[in-house]
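Asks: with the sequence up front, the predicted model follows.
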Amino acid sequence: MGLIARAIEEQGVATVCVVMNRDIAENVKIPRALHVRFPYGAALGPARRAETQQAVIRAALALLVNAAEPGLIVESDIEWPE
């Protein structure tokens, strides 16, 4: 996903990725990333938990709007619901 994001950025379109592995995001040099501490396969949160999913999407969009420059990885404070 990070390589695709970089290619899209080269065309002048800003991107943000929601990632679960910060090390990979850093190595691939994703332009902007929101790091969530969620299980693999559930980047937006658990199924049927619209509140959590919407919170992740809002955080990603805020990062897209507010990031001053590419290369920023932000740690999400959104927790996996019990």
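Replies: All right, it came through fine. Numbers count the residues shown, from 1 in each chain.

Asks: ok, and the closest non-adjacent residue to the most centrally placed residue in the chain?
Replies: Centroid-nearest residue in the chain, with Cα atoms, centre = their mean: residue 18, separated by 2.1 Å. Closest residue to residue 18 apart from its sequence neighbours, by Cβ to Cβ, 6 or more residues apart in numbering: residue 43 at 4.6 Å. C-beta: built from backbone N, CA, C; applies to glycine.

Asks: and the one you found, how far from residue 12?
Replies: Note on residue 43: its distance to residue 12, by Cβ to Cβ, to the nearest Å, is 25 Å.

Asks: which of the two has more neighbours?
Replies: When neighbours are counted by other Cβ atoms under 10 Å, residue 43 comes out ahead of the other of residue 43 and residue 12, with 17 against 6.

Asks: which residues sit against the lowest-mean-pLDDT helix or strand in the chain?
Replies: Within the chain, confidence by mean pLDDT, DSSP states H and E is lowest for helix 2-10 among all helices and strands, at a mean of 89. With Cβ atoms under 8 Å, 6 or more residues apart in numbering as the test, helix 2-10 has contacts from 15-17, 19, 24-25, 28-33, 70.
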